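Participant: Got a predicted structure plus its sequence, pasted below:
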Amino acid sequence: NGVSLGNPRLAFVCVSEDMTGEFGLCGYFREFDRDLHDDERLQFANGEIPPPFDPDQQPKPPADEWDEVRLDKANRNYALEYVRNGLCELANVIGRDDARELGRLAARLIGLQYFAETAAMIGARDGDLADAARYLGRMFEGMGDAISIQDDGGRPVLRQRGCRVARGLVADERDLVLDCWIEIWRGALASQRTIKTLDMRPDGDALSWHIAVLERSREHQRPH
């Protein structure tokens, strides 16, 4: 943050972390009286709690430059960058295959759990294949991507150009992030009353998403 803000004296002091069973990812910023080295910009203080939160003391972006839409985009971009960085760093720690397995499982669970909430936010509904395509289209448009929906023999095909979540990543990192990203939307469609499947295919400089109804086996179709 100090680098981004042009302040080489600014550090973040972490006093608590989620993964260690403490009270969450928490800390505070501290400005030193000298320029910091690279390894001093992030610091840890065990057994310390952050200063009391005072909303009146928090900096506010200038209203004439940061309207509600821009703030929403900043929150979105921060979340996307958090996921991208987290997956790529996880691969460096535990290996690409294990990172992909864990990332895909976590993403699918998120999609299963949050379809209803996200659908309500954008006015989508749990319906047929066309409804599912419109849901995905609205969600992808919310990331700033260009979307078109076509018909392929009664099945909608959604074409996505831009793909912000993978933008700027090198080949291996792009593949890892996309493999996990797909599972969010597979989980979302699998949570609907009519379970749907989702297949993503590269399409030139775009991605094509193919949606279908899950075909049940004959055994599962028999009356009991």
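Facilitator: Noted; the coordinates are in hand. Numbers count the residues shown, from 1 in each chain.
Participant: Let's check: the centremost residue of the chain is which one?
Facilitator: Nearest residue to the geometric centre of the chain (C-alpha atoms, centre = their mean): residue 80, 4.4 Å.
Participant: what comes up buried for the one helix or strand that one maps to?
Facilitator: Secondary structure assignment for residue 80, by DSSP states H and E: helix 68-94. By neighbour count with 16 or more other C-beta atoms under 10 Å, helix 68-94 contains the buried residues 80, 83, 84, 87, 88, 90, 91. Where you see a C-beta, it was placed from the backbone N, CA and C, and this is true even at glycine.
Participant: got it, and stretch 178-195?
Facilitator: 178-192.
Participant: Among the residues you listed, which one sits closest to residue 205?
Facilitator: residue 178 (14.1 Å; C-beta to C-beta).
Participant: ok, the closest one - contacts?
Facilitator: 163, 165, 166, 200 (C-beta atoms under 8 Å, 6 or more residues apart in numbering).
Participant: so where do the helices sit in the chain?
Facilitator: For the chain, helices defined by DSSP state H occupy the ranges 2-5, 68-94, 96-122, 129-141, 171-190, 218-221.
Participant: what number of residues lie near the residue lying closest to the residue nearest to the centre of the chain once chain neighbours are set aside?
Facilitator: Excluding the flanking residues, the one nearest residue 80 by C-beta to C-beta, 6 or more residues apart in numbering is residue 165, at 5.5 Å. If you count neighbours by other C-beta atoms under 10 Å, residue 165 ends up with 19.
Participant: in terms of contact, does residue 165 touch residue 143 like I think?
Facilitator: Yes. Counting by C-beta atoms under 8 Å, residue 143 is a contact partner of residue 165 at 6.8 Å.
Participant: Find residues that contact each of the two.
Facilitator: residue 80.
Participant: picking that back up, dump the contacts of residue 178 to JSON lines, plus distance to residue 47 and pLDDT.
Facilitator: Putting these into JSON lines (distance: C-beta to C-beta, whole Å; pLDDT from 0 to 100) gives the following:
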{"residue": "163", "distance to residue 47": "44", "pLDDT": "89"}
{"residue": "165", "distance to residue 47": "38", "pLDDT": "89"}
{"residue": "166", "distance to residue 47": "41", "pLDDT": "89"}
{"residue": "200", "distance to residue 47": "47", "pLDDT": "92"}
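Participant: out of these, which one sits closest to residue 212?
Facilitator: Looking across those and measuring by C-beta to C-beta, the closest to residue 212 is residue 200, at 12.7 Å.
Participant: Relative to residue 78, how far out is that closest one?
Facilitator: 25 Å (C-beta to C-beta, to the nearest Å).
Participant: Residue 203 now?
Facilitator: 29 Å.
Participant: ok, now residue 36?
Facilitator: Counting by C-beta to C-beta, the gap from residue 36 to residue 78 is 23 Å.
Participant: Ok, residue 111 next?
Facilitator: 20 Å.
Participant: buried residues in stretch 102-115?
Facilitator: Counting neighbours by 16+ other C-beta under 10 Å, stretch 102-115 gives 103, 104, 106, 107, 108, 111, 112, 115 as buried.
Participant: Give me the distance between the fourth one and residue 176.
Facilitator: When you say that, I think you mean residue 107. Distance from residue 107 to residue 176, counting by C-beta to C-beta: 12 Å.
Participant: Cool, thanks, talk later.
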